[in-house]
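1. here is a sequence with its predicted model. Questions after.
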Amino acid sequence: MEKRKFGKTDMDFSVLGFGGAEIGFNPQQTQEDVNQLLNSALDAGLNLIDTAAGYLKSEQMIGEAVGKRRKEFYLITKCGALDGFTRSDWSVKGILATIETSLKNLKTDYLDIAQLHSCDTEILKRGDAIEGLQRAQEKGYTRYIGYSGDNDDARYAIETDVFDSLQTSVSVADQTPIDTNIKLAATKNIGVIAKRPIANAVWRHDAKPESSYHHEYWDRIQKLKFDFLNKSTEEATAIALRFTLSIPGVHTMIVGTTRPNRWQENAKYIAEGELSGEEYEAIRNRWKEVGGDDWVGMT
């Protein structure tokens with residue numbers, strides 16, 4: 001699988017990473033399936049795993065599954081938001097304590113990146129959360145520090161000139177960051193991780209999904225009516241993934257799944273690499289024609 005140098009760091013990330021949210025929030029998720037999912041993906045070329053303290057059991061399951069293979073992949077987690085986003089702690093002490101717990105859960109003695117998990121500008125301005133990350137870096141808990149979030153909060157984070165990475169939502173249904181925060185991050189050589197890079201693949205559904213988590217992207221896709229959505233679900237998903245891969249300044253994409261072998265299926269979707277210039281611009285132009293001013297990045 002293609003790898004890209006990640007911003008100003010010394011890391012080369014596989015262009016398709018694994019996101020640990022879905023396994024953490026799935027009450028039926030078994031450790032056996034996570035073991036198979038992650039080990040087979042590592043064997044197939046995965047080298048980047050992303051999770052968060054707020055993703056319930058995700059860190060523990062990842063640590064149990066691949067802790068013994070730690071040297072084979074880069075590991076990212078997020079702090080601040082906790083317990084399924086039911087509470088948060090942005091204090092210096094809280095950030096450090098959360099990262100220490102994450103290290104234990106993940107069965108490792110260091111992270112490659114520790115990120116603040118979608119805190120707002122006011123919290124960033126307060127400074128404690130950033131100081132917590134910097135202390136963690138000084139202690140050797142993490143090699144690099146980053147911010148995960150969107151819109152004006154992400155822009156402020158980029159402009160602090162503190163962070164090595166930005167994780168932000170961008171996809172065929174979430175294109176606002178392309179000419180704003182992703183472009184700004186590129187001027188500062190900040191590594192960019194695309195989250196939700198296939199807009200939750202809402203085109204898989206024949207009707208509006210029950211979960212409100214999917215509603216915004218569903219509504220946007222109904223208006224965008226991209227030509228490629230007339231293809232099979234597999235072909236449409238492949239084009240959507242390759243679109244995100246083609247965005248200048250994006251280094252890797254994080255896709256979550258609960259199913260063993262799904263990561264390998266997604267890897268096959270991007271085997272052809274970036275879209276042609278014509279294909280990419282057709283999707284961009286459709287967004288510019290239809291997208292509303294209120295179609296901001298989805299946190």
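-> Great, that's in hand.

2. listing request: residues of the chain with sub-threshold pLDDT.
-> 299 (pLDDT under 70).

3. quick one, helices of the stretch 101-250 of the chain?
-> 121-126, 128-138, 151-159, 181-187, 215-224, 233-246 (DSSP state H, counting those that start in this stretch).

4. and for the first one, what's in contact with it?
-> Defining contact as Cβ atoms under 8 Å, 6 or more residues apart in numbering, one finds that helix 121-126 is touched by Gly80, Trp90, Leu116, Ala129, Ile130, Tyr147, Asp152, Asp153, Tyr156, Ala157, Thr160. For the C-beta atoms, the positions are set from N, CA and C on the backbone; glycine is no exception.

5. most neighbours, which of these?
-> Tyr147 (29 neighbours; other Cβ atoms under 10 Å).

6. the residue lying closest to Lys57 once chain neighbours are set aside: which element?
-> The shortest distance from Lys57 to any non-neighbouring residue, by Cβ to Cβ, 6 or more residues apart in numbering, is to Gly24 (5.3 Å). Here Gly24, judged by DSSP states H and E, is contained in helix 21-25.

7. quick one on the thing from earlier: number of residues surrounding the residue nearest to Lys57?
-> If you count neighbours by other Cβ under 10 Å, Gly24 ends up with 24.

8. how near is it to Ala186?
-> 31 Å (Cβ to Cβ, to the nearest Å).

9. figure out how far stretch 124-144 is from the centre of its chain.
-> Put simply, stretch 124-144 sits 20 Å off its chain's centre (Cα atoms, centre = their mean, to the nearest Å).

10. what is the end-to-end distance of that stretch?
-> Distance across stretch 124-144, first residue to last, is 17 Å (Cα to Cα, to the nearest Å).

11. which parts of that stretch are buried?
-> By 16 or more other Cβ atoms under 10 Å, the buried positions in stretch 124-144 come out as Leu124, Ala129, Ile130, Gly132, Leu133, Gln134, Ala136, Gln137, Tyr141, Thr142, Arg143, Tyr144.

12. beta partners of the spatially most central residue of the chain?
-> Note on the chain: the residue nearest the mean C-alpha position is Lys195, at 3.2 Å, using Cα atoms, centre = their mean. Lys195 has the following beta-bridge partners by DSSP bridges: Ser169, Ile254.

13. what about the strands in the chain?
-> Assigned by DSSP state E, the chain shows strands spanning 3-5, 12-14, 16-19, 48-50, 74-79, 81-82, 87-88, 111-117, 142-148, 165-169, 191-195, 252-256.

14. who touches the fifth one?
-> Residues from elsewhere that reach strand 74-79 (Cβ under 8 Å, 6+ apart): 11, 13, 47-54, 59, 95, 98-99, 102, 106, 108, 111-117, 132-133, 146, 148, 167, 193.

15. the fourth one too?
-> For strand 48-50, the surrounding residues in contact (Cβ under 8 Å, 6+ apart) are 13-14, 17-20, 38, 62, 66, 73-77, 167, 193, 252, 254.
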